[in-house]
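Q: Prediction below, plus the sequence it came from.
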Amino acid sequence: MKSFSMQGAKILATGSAVPTSCFHNHDISKIVQTSDQWIVTRTGIRERRLLTGIDKSIITLAVTASINALNKVSMDASQIDLIILATSTPNDLFGSASQVQSKIGAINAVAFDLTAACSGFVLGIVTASQFIQNGSYRNVLVVGADSLSKWIDWSDRSTCILFGDAAGAVIIQACSEADNSILDFQLNTDGNYSSCLSISYQEEIRPHPILNLYQGSFKYIAMNGKEVYKFAVSQVPLSILKCINSLNLSINDIDWLLLHQANERILMAVAEKLSISSDKIISNLSKYGNTSAASIPLALDEALQQNKIAHNDIIVISGFGAGLTWGTVVVQWK
């Protein structure tokens, strides 16, 4: 019988994976009218990784990232109780988390997909911590993985320059309240702006001749860049302030700001609004572009590999994107 006494949750290990195929801005300039300077100036992106080959899928990356995280703490996958796959690009519309569960050998884990686009990983962390803190599960694997290259109109300059493919994973484990590292969270949604960033379903004109059912397909990514920028720069700082104020923390207490890697202009604008030094921004956007739900765990894993983050550092993590959804998680690294 499960215990429902409240307990802490901490990030035990991280892992990540990116495709081997690297596409620089000059490669994109061969497809659409653009240039390396134009892309870097407006986005900060210099290159991105894209899945290629018919046998490659988002599952390939998600599995590799998960195994990397497990190996760092010598944990057998059978010890995982729950797998949350944050993705908006599953290779099966019914969900892909169960495929990750099977391929890594997590025979005791419940597995499900969570769809919240670029905010997906933040929502995944929050969901995992709730299951842990109420005593339902002890070890939760949260994976952020997306392959938006599959859903891009490569003749649309406003979107094809932005996105890349990747996966990142964290293992979140139950701990004593004294060792709790996930301190608080703050989540929001405003569906009035859902059309600003979407992959919409469109019905075909002709109905089925007998059943009178209209069937269609999903289209390419559509984005209103100006509105998404305004939303992120106005709402993300408010979310962060609300979250740190609830913990009686000040801006000066923040050691690292880890935002969804969407656009360098957004990262800098949010930091400026909060009066946070650019030296405290964790970013790998220039190498990978916008990898949607994978961007935060990928950047976190790289920062840890580079020994940037120290014991007891306060990391403010914020995701934002389609929905429109946004949220903040405050972590004290243990």
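A: Received, thanks. All figures in this text were calculated on a predicted structure; none of them were measured in a lab.
Q: What are the boundaries of the strands in the stretch 101-250 of the chain?
A: Under the criterion DSSP state E, counting those that start in this stretch, the stretch 101-250 of the chain carries strands at the ranges 110-114, 139-147, 165-175, 182-189, 197-198, 201-207, 214-218, 222-223.
Q: Now do the helices in this structure.
A: Counting by DSSP state H, the chain has helices at residues 25-28, 36-43, 58-72, 97-104, 120-133, 157-160, 225-246, 264-273, 285-288, 295-305.
Q: so P207 makes contact with G216?
A: No. Using CB atoms under 8 Å, P207 makes no contact with G216, being 10.7 Å away. Just so you know, the C-beta spots here come from the backbone N, C-alpha and C atoms, and that holds for glycine as well.
Q: got the end-to-end distance for stretch 72-87?
A: Its first and final residues considered, stretch 72-87 spans 23 Å by CA to CA, to the nearest Å.
Q: what helices or strands is the lowest-mean-pLDDT helix or strand in the chain leaning on?
A: When the helices and strands of the chain are scored by mean pLDDT, DSSP states H and E, strand 201-207 comes last with a mean of 79. With contacts defined as 3 or more CB pairs under 8 Å, 6 or more residues apart in numbering; DSSP states H and E, strand 201-207 has these neighbours: strand 214-218.
Q: partners of the strand it packs on, with directions?
A: Taking DSSP bridges as the criterion, strand 214-218 forms sheet pairs with strand 201-207 (antiparallel).
Q: List the buried residues in the strand it pairs with.
A: When burial is assessed from 16 or more other CB atoms under 10 Å, strand 201-207 yields no buried residues.
Q: same check, this time on stretch 106-121
A: Buried residues in stretch 106-121, counting neighbours by 16+ other CB under 10 Å, are found at 106, 109-111, 113-121.
Q: just to revisit the earlier point, can you redo the strands of the stretch 101-250 of the chain as JSON lines with distance to S155?
A: Shown next, in JSON lines, are the strands of the stretch 101-250 of the chain (distance: least, CB to CB, whole Å):
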{"stretch": "strand 110-114", "distance to S155": "30"}
{"stretch": "strand 139-147", "distance to S155": "19"}
{"stretch": "strand 165-175", "distance to S155": "19"}
{"stretch": "strand 182-189", "distance to S155": "31"}
{"stretch": "strand 197-198", "distance to S155": "18"}
{"stretch": "strand 201-207", "distance to S155": "18"}
{"stretch": "strand 214-218", "distance to S155": "17"}
{"stretch": "strand 222-223", "distance to S155": "13"}
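Q: ranking those by mean pLDDT, which is last?
A: For these, mean pLDDT drops lowest on strand 201-207, to a mean of 79.
Q: Spatially central residue for the chain, please.
A: With distances taken as CA atoms, centre = their mean, A293 lies nearest the centre of the chain, 2.2 Å away.
Q: picking that back up, looking at the strands of the stretch 101-250 of the chain, which is buried most?
A: Scoring the strands of the stretch 101-250 of the chain by mean neighbour count under mean count of other CB atoms under 10 Å gives strand 139-147 as the most buried, with a mean of 31.
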